[in-house]
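1. Generate a structure from the sequence data that follows.
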Amino acid sequence: MVRRLMIATYFLASMLVSYGQQVVELSLDDAIARARSQSVDAAVALNELKTAYWEYRTFRANLLPEVSFSATAPAYYKQYSPYMNNDGSYSFVRNNYMQLKGGLTVSQSIWTTGGTLSLTTSLDFFRQLEGTKYNRYMSIPLAMTLSQPIFGVNNVKWNRKIEPVRYAEAKAQFLSSTENVAMTAINYYFNVLMARERLEISKQNLENATKLYEVAIEKREMGQISQNDLLQMELSVLNARSAVTDRESNLKSNMFQLRTFLDYDENVELNVAIPGSVPAISINYDDALDKALTNNKFAKNLRRRQLEADYAVARAKGNLRQITLYAQVGYTGAGGEFSSAYEVLKGNQVVEVGFRVPILDWGKRRGSVKVAESNREVVQNRLRQESMDFNQNLFILVERFCNQQMQLNIADKADQIARKRYDTNVETYMIGKISTLDLNDSQVTKDQSRIDYVNELYLYWYYFYQLRSITLWDFAKNSNIDADFEKIIK
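-> Sure, this is the predicted structure:
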């Protein structure tokens, strides 16, 4: 009775586990598509793109006119202030007044010179609260102000060169990151696929080893094989059982990794499929290099770093001397009434030229220029070396991919031959024409050939998406890899 109850409980638990488990058929394309939309790596790439987008939007906004309103409403003062008498002595005068002021300013950076031009209108109100009480108004209906550094670096001009390149680099980085996400998905996908193939091989080997062991027992009873051969077959069964247990655990581990990366629930069982036919693609190194230099972030990164090095030199040279021109022209009016502050207007002009030229700084500024120029030479040499390394790595990758297509075909044929040879050897062993060692050798070859084929298939797709990541070109569709960035960011 107890035994029946235990069996029923075990059966019910198994039914509940099976009921809660959801099987999802997953192809390689499905895994890549889900990784690009659901994985954490894809979310990080998107956030980095958004950061770069808003930085670029801020730069563009800085080039446009800025309208600002400033006000003090109100300011109240009740204090003593120093006052110089006619004889040069000082006394303290009590002040008790209220002040209101406001102004509207429109400013615009001058792209060609790096200066700032602004138009301002303002109104000040002053009210004395003690003694002779009175109100005063002062207006500036319109004032135009120019602030222009002379001989200094034009920051606006350099930013207009650098920031578009930086944003183009960020967009290319996002596209490459999405391809890198696909490469990670391929890696996890084939880990599961490889683990499953190894498990299936182990189960098949266990089944075959068990059958052969049963046959070996009968042959031993008939005296056709030695005790050593029988023990060898029994050892094969034990090793096959151990391999099944080990590879079941390995499959669960890799399945958990893929499921987590693709953001599936823990109750989902992913049934991965071996990719079918692969596209026959011919890639030329010169064509791949041309596409990589046009699309990849690498070329844009080189351009940005070169511009930044030149900017540092220009900034250091601009700091050798500092001369600033400040000019303001406009009108102003004052009166005891609001209307009178706008009736009688007088001209208001201010011109200032300020400069700071070091007479003796012990070569500090000249040294800064030399340091910036030396850093630029270092950057140029590094960029040259990185360019050579980039070209070399791309050449090696193209060669590997082109060779991989042949390796995949060879591995496919070797897998088919190894399986046929093993099946033949099993039949031959059953009639006693080959030894146990020969049978084991054909089994090992068969297993390894299958694993080699899956591994070569993995390398093909990994190299393919690695080339996509570097060139940002879909060689299967013969088109650019692009995206609607405005839509993605929103």
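2. Quick check: which ranges of the stretch 251-400 of the chain have low pLDDT?
-> Low-confidence regions of the stretch 251-400 of the chain, defined here as pLDDT under 70, cover residues 349-363.
3. Same check on the stretch 101-250 of the chain?
-> Residue ranges of the stretch 101-250 of the chain with pLDDT under 70: 224-225.
4. Tell me where it has strands.
-> Using DSSP state E, counting those that start in this stretch, the strands of the stretch 101-250 of the chain run over residues 116-128, 134-150.
5. Tell me which of the ones you listed lies nearest to Ser249.
-> Ranking the strands of the stretch 101-250 of the chain by their distance to Ser249 (criterion: CB to CB) puts strand 116-128 first, at 68.8 Å. From N, CA and C alone the C-beta is placed, and that goes for glycine too.
6. Which secondary structure elements does the closest one sit against?
-> Counting contacts by 3 or more CB pairs under 8 Å, 6 or more residues apart in numbering; DSSP states H and E, the secondary-structure elements packed against strand 116-128 are strand 90-109, strand 134-150.
7. among the ones you listed, which is the most enclosed?
-> The densest packing among the helices and strands packed on strand 116-128, expressed as mean neighbour count by mean count of other CB atoms under 10 Å, is seen in strand 134-150 with a mean of 16.
8. and the angle from that strand to strand 116-128?
-> Computed by axes from the mean of the first three to the mean of the last three CA atoms, to 10 degrees, the angle separating strand 134-150 from strand 116-128 equals 160 degrees.
9. Adjacent strands (with direction) for strand 134-150?
-> With DSSP bridges as the criterion, the sheet partners recorded for strand 134-150 are strand 116-128 (antiparallel), strand 322-335 (antiparallel).
10. so what secondary structure elements neighbour the strand or helix carrying Gln392?
-> Gln392 belongs to helix 364-430 when assigned by DSSP states H and E. Contacts defined by 3+ CB pairs under 8 Å, 6+ apart place helix 364-430 against helix 155-221, helix 285-295, helix 297-318, helix 436-471.
11. What are the neighbouring residues in contact with the residue nearest to Ala168 when sequence neighbours are not counted?
-> Residue nearest to Ala168 in three dimensions, not counting chain neighbours: Lys300, with 5.1 Å by CB to CB, 6 or more residues apart in numbering. When contacts are counted by CB atoms under 8 Å, 6 or more residues apart in numbering, Lys300 is found next to 165, 168-169, 172.
12. quick one: Lys300 from Val313, how far?
-> Here the distance between Lys300 and Val313 works out to 21 Å (CB to CB, to the nearest Å).
13. so how far is stretch 435-447 off the chain centroid?
-> The chain centroid and the centroid of stretch 435-447 are separated by 48 Å, computed with CA atoms, centre = their mean, to the nearest Å.
14. all numbers from here: first residue = 10
-> In the new numbering, first residue 10, that becomes stretch 444-456.
15. Residues in contact with that stretch: which ones?
-> Everything outside stretch 444-456 that qualifies as a contact, by CB under 8 Å, 6+ apart, is 210, 214, 217, 221, 238, 241-242, 245, 427-428, 430-431, 434-435, 438.
16. Swap in 6 Å and give it another go.
-> Where contact means CB atoms under 6 Å, 6 or more residues apart in numbering, the residues beyond stretch 444-456 that reach it are 210, 238, 241, 427-428, 430-431, 434, 438.
17. quick check: mean pLDDT across that stretch?
-> For stretch 444-456, the mean pLDDT works out to 79.
18. Buried ones in that stretch, by neighbour count?
-> Residues of stretch 444-456 classed as buried by neighbour count (16 or more other CB atoms under 10 Å): 445, 448-449, 451-452, 454-456.
19. Then stretch 346-358?
-> 350-351, 354.
20. Could you check how far it is from the centre of its chain?
-> For stretch 346-358, the gap between its own C-alpha mean and the chain's C-alpha mean amounts to 59 Å (CA atoms, centre = their mean).
21. Check stretch 192-202 too.
-> Relative to the chain's own centre, stretch 192-202 is displaced by 20 Å; criterion: CA atoms, centre = their mean.
22. Can you give me the buried ones in that stretch?
-> Taking 16+ other CB under 10 Å as the criterion, stretch 192-202 shows 192-195, 197-202 as buried.
23. for those residues, which one is nearest Ile405?
-> For the buried residues of stretch 192-202, the residue nearest Ile405 by CB to CB is Met192; the value is 16.6 Å.
24. close enough to count as contact, that closest one and Leu476?
-> No - applying CB atoms under 6 Å as the test, Met192 and Leu476 come out as separate, 10.5 Å apart.
25. Break the protein down into its domains, please.
-> As assigned by automatic domain parsing, the chain contains the domains 32-68+168-310+389-498, 74-118+124-161+331-366.
26. distance between the ends of the longest one?
-> Put plainly, it is domain 32-68+168-310+389-498. Across its full length, domain 32-68+168-310+389-498 reaches 34 Å between end residues, using CA to CA, to the nearest Å.
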